[in-house]
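K.L.:
Quick one, structure for this:
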Amino acid sequence: MVQHYNIALLGATGSIGMQTLDIIRRMPERFTLVAAVAQSRWQELAAVAREFGARRVVIGDARYEQQLRDALADTDVEVLVGSEAIEYVASTDDVDMVVNALVGYAGLHPTLRAIESGKRIALANKETLVVAGDIVMAAARDKGIEILPIDSEHSAIKQCLEGEKRESVRNLIITCSGGSLRDVPRERLADVTPEEALQHPQWSMGAKITIDSATLVNKGFEVIEARWLFDMSPDNIKVVIHPQAIVHSMVEFKDGAVKAQLGNADMHTPISYALLYPDRALEANTPFSMLDYPMLTFSDVDREKYPALDIAYEVLRRGGTAPCIMNAANEVAVAAFLAKRCRLTDIVATIRYALDNATFVERPTIEDYDRVDAEVRTLAESYIGQLNY
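P.N.:
Next up is the predicted model:
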């Protein structure tokens, strides 16, 4: 019998959300959209609700509540607003699966609420595990829930680990395209504009993750995610530059074998894998041919050009609220860079300042994470405000 899921889609109007909707649209026998969430794009959210017959929608930013209500006034769609409403729609009885494609710290509490409610979770919100991987994975284990990753790298690792004994694994090898600035000399990074940094050569993604890819903060966060998803020591998680973005990640085994997952740079594949697991989609969105890629290359990461990667390993080993501090400072700095209030190189400088000055809690509760997140945002804004830019 084919399994059918009622889905709550958090982040429905972003890149991952829209591609998830593509899959739901093509597979109505497998998925029904019950609830949809957006932060501010009320027009797109209203259109999604109408097309898919969603029962409820949430707009995160209260400034757009009335526009959304007016747009859906002739329907039976329930319109909700704010962060508590996002948590609510992730936990209602008529939802089987939560797809969390929210951006930033905002994704943490809805994930925890979904776990508490026993939902199947497809996770694209990396900050959930970066900030509080210890708490999230412990809660998932207690509920017997598997977190299904949507990131292409973690999806690749999961696929390579299928059918394998974990004790046979030596290393996880996360590949990295190098982002939009991989061919830009280190000496010129301070002069890079947001427009340049947003031109990713392979992936079509949202603005924040594209900037995170340019600084390799994103890759550092993926290392932290992998530590929690696959219960691996940081020493056994490696990163290599792979410009073609065809090998999405690899697993090295103790007998010397290496398994890799290859495919086009198309997020429909890891999204569908997470939604359908343990099944696979029966048709590729974009068929892949090895003949189109006669040469695949790999190289070490330039740690001087990309200091954020080593900082990610540092905060992972330090534990406690250190990853939370890194994440909050990065969110503030990326927003400032996109608004042209700081330089690209100021992003890492802001992270370092926050790590040196924010409160550190060695064994945090979720309340500690909330307090530290708020504190760091204030610290980071203050630091950026003092920059000579």
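
K.L.:
contacts and neighbour counts: CA atoms only from here.
P.N.:
Noted.

K.L.:
Roughly how far does Glu116 sit from Asp74?
P.N.:
34 Å (CA to CA, to the nearest Å).

K.L.:
So those two - more neighbours on which side?
P.N.:
Glu116 (16 against 8; other CA atoms under 10 Å).

K.L.:
Glu195: neighbour count?
P.N.:
Glu195 has 8 nearby residues by other CA under 10 Å.

K.L.:
Tell me who's in contact with Glu167.
P.N.:
Counting by CA atoms under 8 Å, 6 or more residues apart in numbering, Glu167 touches no other residue.

K.L.:
and if we set it to 10 Å?
P.N.:
253-254 (CA atoms under 10 Å, 6 or more residues apart in numbering).

K.L.:
Which pLDDT value does the model give the spatially closest residue to Cys176 that is not a sequence neighbour?
P.N.:
Excluding the flanking residues, the one nearest Cys176 by CA to CA, 6 or more residues apart in numbering is Ile241, at 4.7 Å. pLDDT recorded at Ile241 is 97.

K.L.:
Now Ile241. Its backbone dihedrals?
P.N.:
phi -80, psi 130 (degrees, to the nearest 10).

K.L.:
measure the residue located most distally from the centre of the chain to Arg41 for me?
P.N.:
What lies farthest from the middle of the chain is Asp74; by CA atoms, centre = their mean that is 34.8 Å. According to CA to CA, Asp74 stands 19 Å off from Arg41.

K.L.:
Ok, Leu108 next?
P.N.:
21 Å.

K.L.:
Can you pick out the residue with more neighbours from these two?
P.N.:
Shown here are Leu108 and Arg41; by other CA under 10 Å, Leu108 has more neighbours (25 against 18).

K.L.:
Quick one: distance of the strand or helix carrying Val334 to the chain centre.
P.N.:
Assigned by DSSP states H and E, Val334 belongs to helix 322-338. On the basis of CA atoms, centre = their mean, to the nearest Å, helix 322-338 sits 14 Å off its chain's mean C-alpha point.

K.L.:
One more: stretch 92-105?
P.N.:
13 Å.

K.L.:
Could you do stretch 380-389 as well?
P.N.:
Distance, centroid of stretch 380-389 to centroid of chain: 27 Å (CA atoms, centre = their mean).

K.L.:
Stretch 9-17 too?
P.N.:
On CA atoms, centre = their mean, the centre of stretch 9-17 falls 11 Å from that of its chain.

K.L.:
okay, how far is it across it, tip to tip?
P.N.:
7 Å.

K.L.:
Please apply the same query to stretch 151-169.
P.N.:
End-to-end distance (CA to CA), stretch 151-169: 21 Å.

K.L.:
same thing with stretch 289-302?
P.N.:
OK, stretch 289-302 end separation, CA to CA: 30 Å.

K.L.:
what's next to that stretch, contact-wise?
P.N.:
175-178, 182, 186, 216, 238-247, 262-264, 307, 309.

K.L.:
Just want the angle from the helix ranked longest in the chain to helix 322-338.
P.N.:
Criterion DSSP state H: the longest helix present in the chain is helix 366-385. Relative orientation of helix 366-385 versus helix 322-338 (axes from the mean of the first three to the mean of the last three CA atoms, to 10 degrees): 40 degrees.

K.L.:
Could you double-check that Ala214 sits in contact with Tyr306?
P.N.:
Yes - with contacts defined as CA atoms under 10 Å, Ala214 counts as touching Tyr306 at a distance of 8.9 Å.

K.L.:
what residues are shared contacts of the two?
P.N.:
Joint contacts of Ala214 and Tyr306 (CA under 10 Å, 6+ apart) are 178, 182.

K.L.:
Comparing these two, which residue is more hemmed in?
P.N.:
Shown here are Ala214 and Tyr306; by other CA under 10 Å, Ala214 has more neighbours (25 against 20).

K.L.:
Now do the buried residues in the helix or strand that the helix holding Val334 is followed by.
P.N.:
Helices and strands here follow DSSP H and E; after helix 322-338, the next one along the chain is helix 345-357. Of all the residues in helix 345-357, those buried under the rule 16 or more other CA atoms under 10 Å are 345-355.

K.L.:
Arg69: which of these is nearest?
P.N.:
Ile347 (37.7 Å; CA to CA).

K.L.:
so which of the buried residues of helix 345-357 comes closest to Asp255?
P.N.:
Val348 (38.2 Å).

K.L.:
What separation do you get for that closest one and Asp183?
P.N.:
The value you get for Val348 to Asp183, if CA to CA is used, is 19 Å.

K.L.:
same deal with Asn125?
P.N.:
28 Å.

K.L.:
Looking at the two, which is more packed in?
P.N.:
More crowded of Asn125 and Asp183, by other CA under 10 Å: Asn125, with 25 against 8.

K.L.:
quick one, phi psi at the more buried one?
P.N.:
Torsion angles, degrees, to the nearest 10, at Asn125: phi -80, psi 90.

K.L.:
and what of Val239?
P.N.:
According to degrees, to the nearest 10, Val239 has phi -130, psi 130.

K.L.:
I am assuming it contacts Thr175, so please confirm or correct that.
P.N.:
Yes - Val239 lies in contact with Thr175 (CA under 10 Å); the separation is 5.8 Å.

K.L.:
Return every residue with contacts to both of those two.
P.N.:
219, 249-250, 299.

K.L.:
Only whichever of these are buried, select them in ChimeraX.
P.N.:
In ChimeraX syntax, the buried subset of the shared contacts of Val239 and Thr175 is picked out as below (16+ other CA under 10 Å):
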select :219,249,250
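
K.L.:
Strands - which of the shared contacts of Val239 and Thr175 land there?
P.N.:
249-250 (DSSP state E).
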